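J.: Quick one, fold the following:
(2 chains)
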Amino acid sequence: MFDYGHFKFASKQDCLDTAVRYWNPDKTKFWQKAGIDLVMGRREGYCIYDMDGRRLIDLHLNGGTFNFGHRHPELVETLRGALDYFDIGNHWFPSVARAALSEALIKATPGMKYAIFGAGGAEAVDIALKSARYATGRRKIVSIIKGYHGHGGLSVATGDERFSKIFLSDQPDMFFHVPFNDIDAVEQALKGGDIAALIMETIPATYGFPMPVDGYLAGCKALCEKYGTLYIADEVQTGLMRCGALWGWQTYGIQPDIMVTAKGLSGGLYPISACLVNERAGGWLNEDGAAHISTSGGAELGCVVGHKVMEILQRPEVAANVHEVAAFFREAMAEMMRRHGDIFSGVRQRGVILGLEFNHPEGAVFVSRALYEHGVWAIFSSLDKRVLQWKPGVLLSHALCEEIMDRFDAAMPRARQLLREATR
Amino acid sequence: MSQTEQPLLRVPDAVYEQTSLKLERSRWAAAQFQKLDHAATARIVQEVANAAHAKARFYAEWAVRETEMGVVAHKQLKNEACSKGLAARYAAEDFVSPRIDMVGKMVALPRPVGVIFALIPVTNPVATVYFKTLLALMTRNAIVLSPHPSAKAVCADAARLMAEAAKAAGAPDGVIQVIDDPNIPLIEDLIADARVDLVVATGGPAVVKAAYRSGNPALGVGPGNAPVLVDDTADLRKAAQRIVASKSFDNSILCTNESTLLAFANIADPLLAALRAEGAHICSPEETARLRRLLFTEHGFNTRMIGKDASVIAREAGFTAATAKILVTPVDHVLPEEKLVREKLCPVLAFGRVESVAQAISCARSIMRTAGRGHSAAIHSRNEAHIMAFTTALPALRVVVNAGCSLGASGFETNLGPSMTIGTGFAGGSSLSENLSPRHLVQFAHIAYNKDASEAFGNFVGLDPLNLPKSPVTAAPAPLTAVGDADELRLTLRKIILEELNSVLAA
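T.: Prediction:
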């Protein structure tokens, strides 16, 4: 019996059956079929536990949501302290928490003027796209093929058609997609002078973290300037120190007009996202600040947590730790490729963002399963299943890093076996 | 803007959280440091020692200013001895490379501690920072320094100086860190933290006990209270000179300083005269009584007097001894009830007369029964039997002969290891019986062969544990031919890349 006080399940199967019946039959069954029978129970630090108690080291982190690990004690205490005083607040009024978090974000981010809050990444992307449309008076948006910006009314149209067509939400006359790392394609798309914004993940996550080639992002930004288009940096997965600097775009030496952050800003505890805009893109905040409304966007509890997240991220020790974790996996993965080069064919890395390439069209699905069986949870890239997303947390300890790699090494024979069976 | 005393929200202890991050950083540093060889380690030690030495005077002045204890010139000497002096003392030793024992058929691989948490006392702040840091570096350990709150600024600055020098010399980032704003609850949490491998505690008994209680391995040392015996074979002039110099050294702030002088009765008066000639003020019974009242309050030793000049202490007590280097207080009974025979980290020396070595031993044991067990003692004598008897009977782990105890027992004027951390052994509640030295901060993993003669010992000469030949990659299994887009060219390219990678990594 699993008694959670508010609700009970007789067994894990009971929970799965309930999920199929009332929640999401396909998603529930997909993981069963993939050999990943996870239902998260307790969680702590960089570990999650199946409701049965089995421990898994989390290298998925929901795209950086758990950048600091699960239930980071300092953030939990921060939220508890905030709960004695705040609730989500009232979006109509100025608030101490929103004022403080927006100030913290803007002061840490060169070139930005205002922060506009949402409850999740998609909402913040929608705000970004609307702001760009406001500033340019143009409607059209360009993004990359297999980019990912969430599932809002506008943001979903910027992404892969897998997520839009099913809901008849693709908008081919307004949203255009160009191949990644193809600067000419960007110019082709922008040169008509009718594009409001080019939106780019600094490194496309769901596409498996292919690295932008030298000069690509800078080239995109230059073209935006040339054709009067705003550059939106989607930093939902690449921000918050994950590239080794507070924002990924800083490591590429570009200055976006608008940027979006979410996931990790919440500390994994209280949802919050933010769209940061420069003076031009934020013009509507002077003309009609109530033009965009979000009841729980910028909820004060989330603001307090986000403020603490920003403070922690700017401690010198965190930068040092990110550097160590990044260097550790760079070295460790090179060694793994040496040992398992028959299946493990490449590494893409920037900071603590890694994409591990496996030599099979669905290689990462099998490797993900093998790792799962060996106590490590890392997810394949939805839009390129050769690639395993490898997302170590910024506060990961040396001891846990070593344990992860010992488990990785041990999982490779099983991965090899699964791949052979799949290709037979 | 109105100021509120308490914030409206309960907030986490950001100091603890940031300090916790320092521990993580030092764990990374420790892991990286273990990959450095002896030459690289030696270079770091030398560079850091040089940087510390260059600032010996600067930090001596700062320490006296901040702590209001001790003597600048003497602190400078200690800082020099604990920087370049220490590096020179151990320059010929190697705590990094494997040690091959051909006869015993064993190889010992040095295994650093990892992360050392070092408590720094207020009495010898910078010298101890220098000392513990260099010992840690010699043995490839990361160190987190926790200074006494009354010496925190100077310690933090000295630690940062060394950290920068270490980094510039190629040490891993974060190998030397310091707690900027220590407090007791924070320290209690940290010494018990699982990320700390060893606590090295120098300080008051409370600090040392806390270190041992923490559950982490600890090297702590107990308080001193050194008796010094001058018998009738001693060179009285030299003995007096050495005792005054030692007792006035940094105003008795080293825990190895002489606490009570026991003089054979037949030489006591000439010895007092010799002491006076060296700059000691011999107190009258009235002055002795005043000093007793000043130094020992109902709460114990008057900490305001620690490391103060003799003239200042005399003035506080209500008499004048303007040129005195030390104050000698004759006492009638060398017994625990006599407060003046307790540990005094100030230039006040109790003085008692004894009839024989046997009585000297009884008196010394009485003194050390209260405090100082396992610590230090001194004797000025040419009679080996006296020296042996004194050492045999006393609960001291080092008995300094014909030298000042301050710098003798701490190894600067003897061939004991030069040390700011003096092991007091089991008698003194410590697992460390010697003067702390680099070899206490490294352990060894042993390769041990079958001792039977029929099993030959391997040849480990030239085998570098940091740079072992890589085992060749297992032959790539049959290619995954079902991979749709894997044509011949791609497979060939991958094979070439793999071979290149191998050769680079194996190089």
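J.: For the residue of the stretch 251-400 of chain A found nearest chain B, which non-adjacent residue is closest in space?
T.: Per Cβ to the nearest Cβ, the residue of the stretch 251-400 of chain A with the smallest distance to chain B is A:E317, at 3.7 Å. All C-beta spots, glycine's among them, are computed from the backbone N, C-alpha and C. Distance criterion Cβ to Cβ, 6 or more residues apart in numbering or on different chains; nearest residue to A:E317, sequence neighbours excluded, is B:L21 at 3.7 Å.
J.: just checking, the residue of the stretch 251-400 of chain A closest to chain B is part of a strand?
T.: No: counting by DSSP: H, G, I helix; E, B strand; the rest coil, A:E317 falls outside a strand, being helix.
J.: count of residues packed around it?
T.: 21 (other Cβ atoms under 10 Å in any protein chain shown).
J.: Which strand residues bridge residue 349?
T.: Went with chain A since none was named. With beta bridges defined as DSSP bridges, A:Q349 has these partners: A:L354.
J.: actually it's chain B I care about, not the one you picked
T.: So, taking DSSP bridges as the rule, B:L349 has B:V328 as bridge partners.
J.: Would you mind confirming that it makes contact with B:P330?
T.: No: checked against Cβ atoms under 8 Å, the pair B:L349 and B:P330 is beyond contact range at 9.9 Å.
J.: List the residues that are in contact with both of those two.
T.: Counting by Cβ atoms under 8 Å, 6 or more residues apart in numbering or on different chains, B:L349 and B:P330 have no shared contacts at all.
J.: More neighbours: which of these two?
T.: B:L349 (28 against 19).
J.: In space, what's closest to residue 368 - neighbours in sequence excluded?
T.: Since you didn't name a chain, this refers to chain A. A:F380 (5.1 Å).
J.: To clarify, I was referring to chain B.
T.: Closest to B:M368 by Cβ to Cβ, 6+ apart is B:P395, at 5.5 Å.
J.: In terms of helices and strands, where is the one you found?
T.: If you go by DSSP states H and E, B:P395 is not part of any helix or strand.
J.: Determine the number of other residues adjacent to it.
T.: With other Cβ under 10 Å as criterion, B:P395 counts 18.
J.: Output the set of residues of the stretch 301-450 of chain B in proximity to chain A.
T.: Within the stretch 301-450 of chain B, no position lies close to chain A (Cβ under 8 Å from any Cβ of the partner chain).
J.: residue of the stretch 301-450 of chain B with the smallest distance to chain A?
T.: Residue nearest to chain A within the stretch 301-450 of chain B: B:A445 (17.0 Å; Cβ to the nearest Cβ).
J.: low-scoring pLDDT stretches of chain B, where are they?
T.: Within chain B, the stretches with pLDDT under 70 are B:1-4, B:472-492, B:494-495, B:499-507.
J.: my bad, should have said chain A
T.: Looking at chain A by pLDDT under 70, you get A:424.
J.: Domain map for it?
T.: Using automatic domain parsing, the domain parsing of chain A gives A:1-25+A:41-56, A:73-313.
J.: one step back: C-alpha coordinates for the helix or strand harbouring the residue nearest to A:E317, PDB please?
T.: Using DSSP H and E, B:L21 sits within helix B:14-33. The C-alpha coordinates for helix B:14-33 follow below in PDB (Å, rounded to 0.1, in the frame of the first residue of the first chain):
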ATOM      1  CA  ALA B  14      23.100  32.100   3.100                       C
ATOM      2  CA  VAL B  15      26.500  32.000   4.900                       C
ATOM      3  CA  TYR B  16      26.100  28.300   5.600                       C
ATOM      4  CA  GLU B  17      24.900  27.600   2.100                       C
ATOM      5  CA  GLN B  18      27.800  29.400   0.500                       C
ATOM      6  CA  THR B  19      30.200  27.600   2.800                       C
ATOM      7  CA  SER B  20      28.700  24.300   1.800                       C
ATOM      8  CA  LEU B  21      29.500  25.200  -1.800                       C
ATOM      9  CA  LYS B  22      33.100  25.800  -0.800                       C
ATOM     10  CA  LEU B  23      33.200  22.300   0.500                       C
ATOM     11  CA  GLU B  24      32.000  21.000  -2.900                       C
ATOM     12  CA  ARG B  25      34.600  23.100  -4.600                       C
ATOM     13  CA  SER B  26      37.300  21.700  -2.400                       C
ATOM     14  CA  ARG B  27      36.200  18.200  -3.200                       C
ATOM     15  CA  TRP B  28      36.700  18.900  -6.900                       C
ATOM     16  CA  ALA B  29      40.100  20.500  -6.100                       C
ATOM     17  CA  ALA B  30      41.200  17.500  -4.100                       C
ATOM     18  CA  ALA B  31      40.200  15.200  -6.900                       C
ATOM     19  CA  GLN B  32      42.200  17.200  -9.400                       C
ATOM     20  CA  PHE B  33      45.200  17.700  -7.100                       C
END
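J.: For the stretch 301-450 of chain B, which segments count as helices?
T.: Applying DSSP state H, counting those that start in this stretch to the stretch 301-450 of chain B gives helices spanning B:310-317, B:357-370, B:384-393, B:405-409.
J.: Single out the most deeply packed of those helices.
T.: Comparing the helices of the stretch 301-450 of chain B by mean neighbour count (mean count of other Cβ atoms under 10 Å in any protein chain shown), helix B:405-409 ranks first with a mean of 28.
J.: Sweet, I'm off.
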